[in-house]
Each structure stands twice: as structure tokens, then as C-alpha cells.
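Asker: Predicted coordinates and the sequence they were generated for:
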Amino acid sequence: MLSCKEVSLLTSKSMDTTLTRRERLAVHLHLLYCRGCTRFRDQLQFLRRAAQRSSKTLSAGTVRLPAAARDRIQAALRRER
Ligand SMILES: [Zn+2]
């Protein structure tokens with residue numbers, strides 16, 4: 001049986017790479033009885049999805065500065081010239 005520390009490391013690792021079949025099975029069995037690690041996994045997945053959504057929003061150019069902030073930046077850039 002894996003310890004909680006080992007499961008948390010494997011859970012983190014699973015976000016970047018594919019675990020071996022043996023690792024996946026061991027993690028799955030541990031999560032059946034450990035609420036703490038299940039919660040940790042859920043939080044990690046939540047953070048990952050939030051980061052992905054944030055990244056998509058930023059790369060899609062849908063985030064806009066307020067007009068006042070744009071004006072201040074443009075004024076500062078004009079002063080630099
Ligand atoms: Zn655990």
C-alpha cells in the first residue's frame with residue numbers, strides 16, 4: 001500500500017505524464033479509503049482546469065484593460081518617446 005505522501009506525489013505526476021498501470025491501480029486503491037488524498041486530487045484537478053481556462057482566456061485576447069488604464073499606459077508611452 002502507498003502512503004499519502006507517495007499518492008500525492010503520483011497524483012501530481014499524473015498531471016504531467018501518464019502513470020504506469022501499476023501506479024494508477026495503487027493510487028486508485030488508496031483513494032478508495034483516503035479522503036485526504038481524494039480531496040487533494042480534486043483540488044489539483046480544479047487548479048489545473050482553472051489554469052487552463054485562464055490561459056485560454058488570455059491567449060484568446062478576451063481580457064481587456066479598462067479604458068482608463070489604457071489611456072494611462074498610452075500617455076506614459078508617449079512621454080517615453
Ligand atoms: Zn492518503
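Answerer: Ah, there it is. Residues are numbered from 1 along each chain as shown.
Asker: Could you pick out the residues of this protein near the ion for me?
Answerer: Applying Cβ under 5 Å from the ion, we find that the chain lies next to the ion at 4, 34, 37. Backbone N, C-alpha and C define where each C-beta goes, glycine included.
Asker: From Tyr33, how far off is the closest residue to the second one other than its chain neighbours?
Answerer: The shortest distance from Cys34 to any residue other than its chain neighbours is 6.4 Å, reached at Cys4 (Cβ to Cβ, 6 or more residues apart in numbering). The gap separating Cys4 from Tyr33 is 11 Å, by Cβ to Cβ, to the nearest Å.
Asker: which of the two has more neighbours?
Answerer: More crowded of Cys4 and Tyr33, by other Cβ atoms under 10 Å: Cys4, with 12 against 9.
Asker: how close does the more buried one sit to Phe40?
Answerer: 8 Å.
Asker: Geometrically speaking, which residue is the centre of this structure?
Answerer: Arg48 (2.4 Å; Cα atoms, centre = their mean).
Asker: contacting residues around it?
Answerer: Listed by Cβ atoms under 8 Å, 6 or more residues apart in numbering, the contact set of Arg48 reads Met15.
Asker: Look up which helix or strand it falls in, please.
Answerer: helix 35-59 (DSSP states H and E).
Asker: Quick check: next helix or strand after that helix?
Answerer: helix 67-80.
Asker: Tell me which residues are up against that following helix.
Answerer: So helix 67-80 is contacted by Leu65 (Cβ under 8 Å, 6+ apart).
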